[in-house]
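Student: Next comes the sequence, and after it the predicted model I'd like to discuss.
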Amino acid sequence: MIKRKKFKKRKIDLADLKCPFTGPEEINYKDVYKLKRFVTTRGRVLSRSRTGVCKKCQRELSGEIKKARYMALLPFCNYS
């Protein structure tokens with residue numbers, strides 16, 4: 001029987017990452033290029049642990065992404 005090594009999943013410490021929206025920048029549904037950084041190629045919203053966005057901004061960000069999808073600025077999914 002072959003034993004496999006178990007790899008621990010590396011966790012990103014949220015304290016080390018800075019929220020990109022804490023400065024004077026606002027989250028706006030019209031700024032599609034900025035919103036695309038927080039969406040996967042499949043169309044899912046990336047989690048806070050991956051992006052480093054604070055809790056308050058993550059809620060606002062997901063709402064703005066949903067608005068952009070509704071206005072057809074972002075696709076709901078990128079299946080071809």
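Tutor: Okay, I see it.

Student: Quick check: buried residues in the longest helix that the chain contains?
Tutor: Taking DSSP state H as the criterion, the chain has its longest helix at helix 55-70. Residues of helix 55-70 classed as buried under the neighbour-count rule (16 or more other CB atoms under 10 Å) are C57, Q58, L61, E64, I65, A68, R69. Backbone N, C-alpha and C define where each C-beta goes, glycine included.

Student: for it, packing partners?
Tutor: Judged by 3 or more CB pairs under 8 Å, 6 or more residues apart in numbering; DSSP states H and E, the packing partners of helix 55-70 are helix 32-36, helix 48-51.

Student: Just the C-alphas of that helix, formatted as CSV.
Tutor: The C-alpha coordinates for helix 55-70 follow below in CSV (Å, rounded to 0.1, in the frame of the first residue of the first chain):
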residue,chain,number,x,y,z
LYS,A,55,-15.8,42.4,6.0
LYS,A,56,-17.6,45.7,5.4
CYS,A,57,-16.1,46.2,1.9
GLN,A,58,-16.7,42.6,0.9
ARG,A,59,-20.5,43.0,1.5
GLU,A,60,-20.5,46.2,-0.5
LEU,A,61,-18.4,44.6,-3.2
SER,A,62,-20.7,41.7,-3.7
GLY,A,63,-23.7,44.0,-3.9
GLU,A,64,-21.9,46.1,-6.6
ILE,A,65,-21.0,43.0,-8.5
LYS,A,66,-24.6,41.9,-8.5
LYS,A,67,-25.7,45.3,-9.7
ALA,A,68,-23.1,45.2,-12.5
ARG,A,69,-24.5,41.7,-13.5
TYR,A,70,-28.0,43.0,-13.5
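
Student: Much appreciated, bye for now.
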